[in-house]
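1. Attaching a predicted model along with its sequence, questions to come.
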Amino acid sequence: MVELNFARVRPEAVMDLTRVPELREWGTENGRLRVGAGITYTRVIRELGDRLPGLAMASRTVGSPQIRNRGTVGGNLGTASPAGDALPPLYVSDAEVELASVEGTRRVPVAEFVKAPKRTATNPEELISAFLVPEAGGPQQYAKIGPRNAMVIAVCSLGLAVHPERKEVCACIGSAGPTPIRACEAEDFIRGVIEEEGLWESRGELAEAALGRFGELVSEAARPISDVRGTAAYRTHAVGVLARRTLGWAWNEYRGGI
Amino acid sequence: MSQTTPTTPTRVGPGPTTWTPGKVGESDRRPDGVPKVTGEFEYSSDMRLDGMLWGATLRSPHPHAEIRQIDTSEAEDLPGVYAVLTHEDVPGRKVYGMEIPDQPVLAWEKVRYQGEPVAIVAADHPETARRALEKVHVEYGVLDPITDAEKAVQEDAPKLHLSGNVLRRIRILHGEGVGAAAKADVVVRGEYEVGMQDQAFLGPESGLAVPDGLGGVDLYISTQWLHIDQDQVAESLGMDPDQVRLTLSGVGGAFGGREDLSMQIHACMLALETERPVKMAYNREESFFGHVHRHPAKLRYEHGATRDGNLVYVKARLVFDGGAYASSSNAVCLNAATFACGPYEVPNAEIESHMLYTNNPPCGAMRGFGAVQACFAHEAQMDKLADELGLDPLDLRIKNALKPGDRFPFGQEVPPPAPVREILERVKVMPLPEEQEVMGRDLRGLPGGVSNVTHGEGVKRGVGYAVGFKNIGFSAGFDDYSTARVRLTVEDGEPLVEVHTAAAEVGQGLLMLQAQIARTELGVEKVSILPADTRVGSAGSTSASRQSYVTGAAVKLACEGVRERLFERAREELGEPPDGLSVEAGNVVRDGRTVVPLAELLDGDELEETCEYHHRETHPLDENGQGDVHLQYAFAAHRAVVEVDVELGLVRVVEIATAQDVGKIINPQALEGQIEGGIAQGLGLALMEEIQVKEGKVLNASFTDYLIPTILDMPTVKMEVLELADPEAPYGLKGVGEPPTIASTPAIVAALRDATGLELTRIPVRPEQLAGVSDGPPLPDEPTPGGAGYAEVGRLDGRRET
Amino acid sequence: MRLNLTVNGEQRETDGVWEGESLLYVLRERLGLPGSKNACEQGECGSCSVYLDGILVCSCLVLAGQAEGSEVVTVEAVSGDSGLHPVQEAFVEAGAVQCGFCTPGFVVATHDLLRRNPEPSEAEVREALAGNLCRCTGYEKILDAVRRAAARGEDAPR
């Protein structure tokens, strides 16, 4: 709509999907949540906050109440901006995107769905109908950097999920690369640490050094550029700090503290 | 081109605003408050007339280029397009400008900044107009832009104007200048930089031009100064000023950005060409190209002091980037030079202030006007000096505070009142906000807010102080005046005062102030403020914090004239002795006893006075930079408390405390609003507001990437207001609009330094700087849409058809 | 195209709408309701806030066609026949209005906040109004206005 207001685009046709009730529903399917692409951020926060806390935290950082009342996770997926706030939480939960057309539906892992800035795996005749994601099995976090304290597009961000059920910690960098980036080495490293020290079972503390190394590895995974919103060096630095902090918070929550 | 029938629709605008105002010194419910909360208040962008066309402007995508050819034929053929005009169609003077008419109404031969208007169209729908712009074919020969003010001054730099690239150069020599350096025990040096700030008023430029059918035109417009617009529009239309009548329509904020013309001449040209009303309304992106900005500056300073902290000398070199055209750069250069040392007693000084033409966006007036940039630097220097001397930064300031009778570096004697020491002492003793535990605090009370970046980790608190000052009114020999027409009449048996001025209410509350003065001076409950227009003499600009003073004085003078005639009449008709009469509650009174009701005394007559108030003469600087330059000085001190996440470089301002001398409080609530709002703009400059320009191109012409403070960024403001009367000013008042914006910025930066220990020589301070992360690679040359974090709007040449 | 919608309780129809027009443009330029403001047209400032089927939205981000058959309530309908709504009253009293360009948006957003949360904490007020930019007031008087309006407690939802 912004692009239309500023005459950046003049599409030949525009389809209004807000009236398709199926797109505004969510429910469970084979133990996973199936969330319609037309669910607004406001509804994610209100209705799915306990099941998808990471996505709800990310939704809370999107724009303003006015924007959250209208903006949808499906829209965020379709835009495929590396700065899309909903993307890192979906990446760390290995979400799938459901694409529908008259030919039927197919499901694509989110990391395969987002191809490049503003490019997705959607074919011209397909629409994004839903995303599928497991309910959170453990603590989740989302943190985002912006130069003011509200109403910012992410300079960079980090989504993190602790998955006790499969003994993994997943981290995804936002807005510091052409697409969201899973920090695989950092994930492997911290999984190793937790396993080695038996922390899943003992729910013991994660050492500062391990948190620090985790942050470093996340920084190393970033592939940022410099632009009007921030420099590459800062983005690299900041995602590392966010990774260290969010893992600390999430792990503490797992341990039963705050 | 479509045929049109001449139409001269008449516009019925809002009439006079009538209400019962408070008296001078009282808070008042502003009369435009109700229409503003219901949405009925008519801003310039809200106006409509039957048969109205929409104007639009084609702007240069290049910061510097030759114009080889302009072909409008394809645009003219587009259905719904009524006019396509270029420089060839400007009927009168092809250039305009407040101080120096150097800016083309529509560019010819050359464009000198990105966004410079090249052609204008009128069409039946804004989208038709936009499509027509795309069909205007301009052949440019792109030239290398000059984008560095320091390079513009070099001998071999191409000349952007016939007069060269130096717009103005001022040198002030005071005392022995740097010759006194030997007497200093301690010297501190620093280089500072200020980014380009935007006024970011919320109501974009807009107006409606209506041809009168007789060759003239009526323009309904949001502006800061109707008469200077009228003069410039008439000149470029080749008309007498009385053929171009201007009426102020609702103004959505100004802050200096509406002092220059934007669409005024264009809308009138299109209206006269099409013989139809033409509305022009910029969108937010165009607004960034449609008005001047605050000058970016580089400031090099050297301060010398004795071991016990007395300033010995200041050497300052200020370089301002004026951009492509002059705007009010001359005056900004002067202001900066005269305020370069701050409100301190400096026995010796050498100051150079340079203003240069470049191919960057033109810069001009913004709240604080040259004093802002200088204050950031001199206050940083004072902190540096205090640190070097091991003194408390506030004590160092108090020790060197200016006082009445001292001499400014430009030779003028400091007039009373000049309570620099007092306001510093006030902020010193104001209680600091209690330090609250950061760990586990509600996110909204932490740096980053709900973005959830810290739960208290890395958060450090800092406290900083700054003091600044500003001249009130126009300076340096300008005949600065305002005109007021006041009429006392009787309506429905009740006396009514009508006040008519051309003074622009831009949100600050000037309607209230005029009415309060009329009520106070004429003792009449009901006051009516007529719409501001050019049917009355000039009120001067709503800038330089001058309207309360100058238009306030004009209204007061006219009221006094009316009152005098009332008393004369009372003497003549009732034989009242001349002394001891006053007016209260609609009656002529002596010793608290009613002599005669005004309605009875007037007996159906009206009394009217039109007065001009000219403030006392000021003088330009001489060749040594000496002179009685300014009229009045207003001072404000600020203390900022911040919390910085030192690892991420994110900030929460906890509180701003301020003390300001206002001479006399005319309206307490409006005064608080000026102070709080001014501080918010100072906070913006300290932390986030900058138009980023690369190779002459603006990278962030949108509210997505030009960030202004939100309600989550702005802290509580504690204030103390001093009322030390200026004997020359009406009611002793001082202008209040600008001082809050000046020292709030350096106070916040000082607090950031306190929290982080970093030097922080550039504003706005970016998270990168605060986190101590090196800058990394420079910005890429051509931002590609859709890249990580790139703005989706904000580039004029980024349009595409799909 | 032709557009049918209910605005402020009244059935409205307008013809000749260009498909690219926003709801904001239609309200301002076709339906004679310029109270919703056009400060940024990109959802950053909140000055165009309206209710669309009871939900607070930026009307600049709604394509006019999407509002077909919908119910829109604008700032013009916040005050009733009996005069100003308490939110409006509070904005005038508190001095929360200067240039006023942001005011209609703040009035609608505050109205929405108080109907959802009649007694918001200061942090809640700030978060709820973070999408409404004001350039004049520094927000202090706006916070004051919201506190006053909440204190009246008579804020009946429409």
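-> Looks like it came in fine.

2. Tell me the residues of chain C that contact chain A?
-> C:19-20, C:22, C:41-44, C:46, C:49, C:55-58, C:60-63, C:65-66, C:109, C:112, C:126-128, C:130-132 (CB under 8 Å from any CB of the partner chain). Where you see a C-beta, it was placed from the backbone N, CA and C, and this is true even at glycine.

3. Take those and keep only those in strands.
-> Members of the residues of chain C next to chain A lying in strands (criterion: DSSP state E): C:49, C:55, C:56, C:57, C:58.

4. Residue B:639 and residue B:429 touch, don't they?
-> No. Between residue B:639 and residue B:429 there is no contact under CB atoms under 8 Å: 10.4 Å.

5. neighbour count winner among these two?
-> A side-by-side neighbour count of residue B:639 and residue B:429, using other CB atoms under 10 Å in any protein chain shown, places residue B:639 first with 28 against 8.

6. for the longest helix along chain A, packing partners?
-> Secondary structure of chain A per DSSP state H: the longest helix is helix A:232-255. Secondary-structure packing of helix A:232-255 (3 or more CB pairs under 8 Å, 6 or more residues apart in numbering or on different chains; DSSP states H and E): strand A:140-145, strand A:156-163, strand A:168-174, helix A:208-221, helix B:767-770.

7. Residue B:334 is in contact with residue B:619, isn't it?
-> No. Taking contacts as CB under 8 Å, residue B:334 lies outside contact range of residue B:619: 11.8 Å.

8. Run a quick neighbour tally on residue B:661.
-> 27.

9. From what I see, it and residue B:725 are in contact.
-> No. Between residue B:661 and residue B:725 there is no contact under CB under 8 Å: 9.9 Å.

10. which residues are common contacts for the two?
-> Residues touching both residue B:661 and residue B:725 (CB atoms under 8 Å, 6 or more residues apart in numbering or on different chains): residue B:417.

11. Tell me which residue of chain C lies closest to chain B.
-> residue C:35 (2.1 Å; CB to the nearest CB).

12. What's the separation between that residue and residue C:80?
-> To residue C:80, residue C:35 is 15 Å away according to CB to CB, to the nearest Å.

13. Have a look at these two and say which one is more surrounded.
-> residue C:35 (27 against 10).

14. show me what contacts the more buried one?
-> For residue C:35, the contacting residues are B:38, B:39, B:40, C:74, C:75, C:76, C:104, by CB under 8 Å, 6+ apart.

15. So among those residues, which ones count as buried?
-> Buried residues within these, counting neighbours by 16 or more other CB atoms under 10 Å in any protein chain shown: B:38, B:39, B:40, C:74, C:75, C:76, C:104.

16. Look up the pLDDT of the residue positioned nearest the centre of chain C for me, please.
-> The centroid of chain C falls nearest to residue C:108 when counting by CA atoms, centre = their mean (3.2 Å). Confidence at residue C:108, expressed as pLDDT, is 98.

17. so what's it closest to, chain neighbours aside?
-> Spatial nearest neighbour of residue C:108, excluding adjacent residues (CB to CB, 6 or more residues apart in numbering or on different chains): residue C:49 at 4.3 Å.

18. just residue B:574 next, same as before
-> Sequence neighbours aside, residue B:596 is the residue nearest to residue B:574 in space, at 6.2 Å (criterion: CB to CB, 6+ apart).

19. Would you mind giving the ones in strands among the residues of chain C next to chain A as CSV with distance to residue B:516 added?
-> Shown next, in CSV, are those (distance: CB to CB, whole Å):
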residue, distance to residue B:516
C:49, 33
C:55, 42
C:56, 37
C:57, 40
C:58, 37
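
20. If you rank the residues you listed by neighbours, which is first?
-> Neighbour counts for those (other CB under 10 Å) peak at residue C:58, which has 33 neighbours.

21. give the contact list for residue C:102.
-> Per CB under 8 Å, 6+ apart, neighbours of residue C:102: B:202, C:37, C:39, C:45, C:46, C:47, C:132, C:133, C:134, C:135, C:136.

22. How many residues are close by the third one?
-> Number of residues near residue C:39 (other CB under 10 Å) recorded here: 29.

23. quick one: secondary structure of it?
-> coil (DSSP: H, G, I helix; E, B strand; the rest coil).

24. so what pLDDT did it get?
-> Value listed for residue C:39 in the pLDDT field: 97.

25. quick one, domains of chain B?
-> As recorded under automatic domain parsing, the domains making up chain B are B:44-144+B:202-290, B:417-474+B:622-774, B:481-614.

26. mind checking which of those domains is nearest residue A:223?
-> With CB to CB, the closest approach to residue A:223 among the domains of chain B belongs to domain B:417-474+B:622-774: 16.6 Å.

27. Residue 67: neighbour count?
-> Going with chain A. Neighbours of residue A:67 using other CB under 10 Å come to 20.

28. not what I meant, chain C
-> For residue C:67, the neighbour count with other CB under 10 Å is 25.

29. same thing with the one 5 residues further on?
-> One way to gauge burial is a neighbour count; for residue C:72, by other CB under 10 Å, it gives 25.

30. In contact with it, which residues?
-> Neighbouring residues of residue C:72 by CB under 8 Å, 6+ apart: C:5, C:6, C:7, C:8, C:23, C:27, C:50, C:51, C:52, C:59.

31. let's go with 7 Å and repeat that
-> Residues near residue C:72 by CB atoms under 7 Å, 6 or more residues apart in numbering or on different chains: C:5, C:6, C:7, C:50, C:51, C:52.

32. returning to that earlier point: ChimeraX command for the buried members of the residues of chain C next to chain A?
-> The following ChimeraX command selects only the buried members of the residues of chain C next to chain A, with burial defined by 16+ other CB under 10 Å:
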select /C:20,22,41,42,43,44,46,49,56,57,58,60,61,62,63,65,66,109,112,126,127,128,130,131,132
